[in-house]
Structure formats: structure tokens, C-alpha cells
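Chemist: okay, structure incoming, though there's no sequence with it:
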């Protein structure tokens, strides 16, 4: 299993509305990432690199808790820990998992959230 952590932040230099609409991707670096199977207690750990990439290597199929512990972006902003539930399958496409953190804005009243999506080829 491998992936990339990024933060979607408003662009700089344009109008406030344009900056919110045209966000930029910033890698979240040095985040500790842990994959744990709650049934077998198997644990895999790694850390994101300077581009936000992480890799666990071979992980058996199953349901895991993906724990992301902190990390920072280039402007020095730090992020809090979070947990996501992921299911790994041998039938899954060989894709890079992209974890994108977004903040509320442009009419959204919710707080920050993570979304999982396939990375573009």
C-alpha cells in the first residue's frame, strides 16, 4: 500500500473568491502513518517524505485503521492526528491513494476533513 498526503489550501495573489476556488496542493511532510488491523493487531508504520508520499510495502488484504499523526506543509502549518478506516483487497486497482485534507470555505460550514481519492495517472 502506498499513497500521498496533501493539503488543499487557498491560492495566493488573486481575489479572495478566486483564491478559494483555485486551491493549490501542498504536500504534508514528516507525518507518521500507521496501518493497523483491529482483528489481528498487525501494525505497519512509515513516514511521509518531502513530497508527502508514503509506502507500507506488502500488506495482506483486510480492513485496517489508517492513523495519520501530524505532519506539516511548506508554510509551517501543522496538522492534528486522524484515523480512517480502509479496506485493502487483491482485486483493487494498483493506484496511489491520495489523502487530501480540505478546510471549510466557500459557503461550507463544516470543519476540516480528509477525502480519499485515486491519484491521477
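Modeler: That came through, no problem. Everything quoted here is computed from the prediction, not taken from an experiment. Residues are numbered from 1 along each chain as shown.

Chemist: going by C-alpha atoms from here, please, whenever you check contacts or count neighbours.
Modeler: Will do.

Chemist: all helices for the chain, in order.
Modeler: Assigned by DSSP state H, the helices in the chain fall at 16-21.

Chemist: kindly provide the distance from the residue sitting furthest away from the middle of it to residue 23.
Modeler: Going by CA atoms, centre = their mean, the residue of the chain most distant from its centre is residue 15, 27.6 Å out. As judged by CA to CA, to the nearest Å, residue 15 and residue 23 stand 12 Å apart.

Chemist: how about residue 42?
Modeler: Distance of residue 42 to residue 23, given as CA to CA: 37 Å.

Chemist: ok, back up a step: now do the residue farthest from the centre of the chain, the pLDDT please.
Modeler: Reported pLDDT at residue 15 in the predicted model: 87.

Chemist: now do residue 64
Modeler: pLDDT, residue 64: 93.

Chemist: wouldn't it be in contact with residue 41 here?
Modeler: No. Counting by CA atoms under 8 Å, residue 64 sits too far from residue 41 to count as a contact (9.5 Å).
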